[in-house]
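Trainee: Can you look at this prediction? I've put the sequence above it.
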Amino acid sequence: MPGVTHDEAPLLADLMPWSVAPLRTGRGWPMGPDAASLRARWDAFVRADGAGRDRLLSPSRSRTLHTSVAQLPGHRAGTGPLADETGRCPEPVRVLHGPFDEQWLIPDHRLIDAARPELWRVAGEGQLFLVEQGHVAGSAEPAVLASAVLPDGRSPAGRPGRIRPLFRRPGGLEPNVAPGLLRHLSDLLGHDVDAGDLLAWTLAVADASAAGCRVPLTSDAEVWARGTDLGRRVLRLQARGDGPRPKLPGGRRPYVRAPLPARPSVLSYDADEEALRLDGGRISPVPREAWEFEVSGVRVLDLWFARRTEPAEPGTLEAIRPTTWPQAWTSELLELITVLALLHELEPRQRELRFSLADSSAITADELGKAGILPVPAASRRPASVLDHHEEGPGGQFALI
């Protein structure tokens, strides 16, 4: 930003003030890349008894066989001690496990050390989540990623992120935005600005810093329009949901050129052939930029592959997994390659947009303070009260939430 220092841009933590810490599962087996394995793990767990069940659970200070907790909002699961559980597996749900990796999770509060129920209450149709990524000095990697499914907030580099829902209430109600900010932007830009516009703008221009993710703002309507249009393109790629699958132009679409082995163990890249190799299997063309795409200093494709192929300790529930590489994983890999390649193609436009944020139109954090928008009220940093339905509490007791 010419004439305006990076530190003058407001923090995302102030623009979208309510945030939630990452989920902490406490054990790996309730989450995985295929739902069938999770059901099989649950079945093996409830078939075991006594010391065997305790060992399979992998108990923690927060969760043991005798812990009773409330249901996760919106999901039916038992609330009595797991020591007595004999029922069927709660239906696994889609979650985002770190960047770009949609997996499945058993939505049973008794299995998750810190499930963040306040997130589950506001998840669903109309909701989007932003997840801040770990800052890596000198990196041009994404500072924030969007998700349409509930994210666990994990950073591939081990740094905790913050999860920021777009709305504070179910059904896309009450934007999680600093009070007065949308009205202020609307007045400056000469047209209505809503929470979705701010989220799109954030995806286009957000920049990581040691202090947190910063979001330069502008009062230039033309620059704002370019930024929100670009941000919506980023959003369609990052938070794909049930929409159309992204595609590269015909000659550049990745295909399986040599069959993938039943149990691939090594992922590598052939730059000359633009080919991704899974042992003897081959996928091409794969742009170098997709192979090298990193988040928080970790290559996305490497991490995605490792989570599906790293050996599990024998005798654990994590060892219950597909015996051969599922076709669904191949489809997911092809889509991930496409998403990373298309996101890379947008990066020059993002750099150009950041440079065009002239100091004469920049809205600094100090200016938001003079407008009475910052600092935000303390209540804006806390979850909204959701008092319109019952949730089953520990041991089957109902509690009004």
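Mentor: In hand now; what should we look at? Numbering: from 1, shown residues only.
Trainee: State the helix or strand in which T338 lies.
Mentor: helix 327-355 (DSSP states H and E).
Trainee: mind listing what's buried in that helix?
Mentor: Going by neighbour count (16 or more other CB atoms under 10 Å), the buried part of helix 327-355 is 329-330, 332-343, 346, 349-350, 353. No exception for glycine: its C-beta is placed from N, CA and C like everyone else's.
Trainee: okay, the most far-flung residue of the chain relative to its centre: pLDDT?
Mentor: Going by CA atoms, centre = their mean, the residue of the chain most distant from its centre is G50, 36.6 Å out. As predicted, G50 sits at a pLDDT of 92.
Trainee: now do the one 4 residues further on
Mentor: For D54, the pLDDT comes out at 97.
Trainee: To which secondary structure element type does it belong?
Mentor: Per DSSP: H, G, I helix; E, B strand; the rest coil, the secondary structure class of D54 is helix.
Trainee: Run through the helices of this structure in chain order.
Mentor: Remark: helices assigned in the chain by DSSP state H are 12-15, 35-47, 50-57, 117-122, 181-189, 195-205, 221-238, 288-292, 300-309, 327-355, 365-370.
Trainee: low-scoring stretches of the stretch 1-150 of the chain, by residue?
Mentor: For the stretch 1-150 of the chain, the stretches with pLDDT under 70 are 1-5, 136-140.
Trainee: mind listing the strands for it?
Mentor: With DSSP state E, counting those that start in this stretch as the definition, the stretch 1-150 of the chain shows strands at residue ranges 31-32, 93-96, 102-105, 129-132, 144-147.
Trainee: G134 against S155, yeah?
Mentor: Yes: with contact defined as CB atoms under 8 Å, G134 reaches S155; the gap is 4.2 Å.
Trainee: Which residues are in contact with each of these two?
Mentor: Common neighbours of G134 and S155, counting by CB atoms under 8 Å, 6 or more residues apart in numbering, are G161, S296.
Trainee: Pairing-wise in the sheet, spell out the partners of the residue positioned nearest the centre of the chain.
Mentor: Centroid-nearest residue in the chain, with CA atoms, centre = their mean: P151, separated by 3.8 Å. Beta-bridge pairing for P151 (DSSP bridges): L96.
Trainee: In contact with it, which residues?
Mentor: V95, L96, F129, V131, I163.
Trainee: change it to 10 Å
Mentor: 20, 22-23, 95-99, 102, 119, 123, 129-131, 145, 161, 163, 165, 239 (CB atoms under 10 Å, 6 or more residues apart in numbering).
Trainee: Once you drop chain neighbours, what's closest to A195?
Mentor: Counting by CB to CB, 6 or more residues apart in numbering, A195 lies nearest to P175, which is 3.6 Å off, once chain neighbours are set aside.
Trainee: how much space between that neighbour and S155?
Mentor: 25 Å (CB to CB, to the nearest Å).
Trainee: Quickly list the domain ranges of the chain.
Mentor: 6-240+354-400, 250-349 (automatic domain parsing).
Trainee: deepest of these, which one?
Mentor: Most buried of the domains of the chain, by mean neighbour count (mean count of other CB atoms under 10 Å): domain 6-240+354-400, with a mean of 18.
Trainee: returning to what we had before: nearest approach to S360 belongs to which of the strands of the stretch 1-150 of the chain?
Mentor: Set against S360 and scored by CB to CB, the strands of the stretch 1-150 of the chain come closest in strand 144-147, at 26.2 Å.
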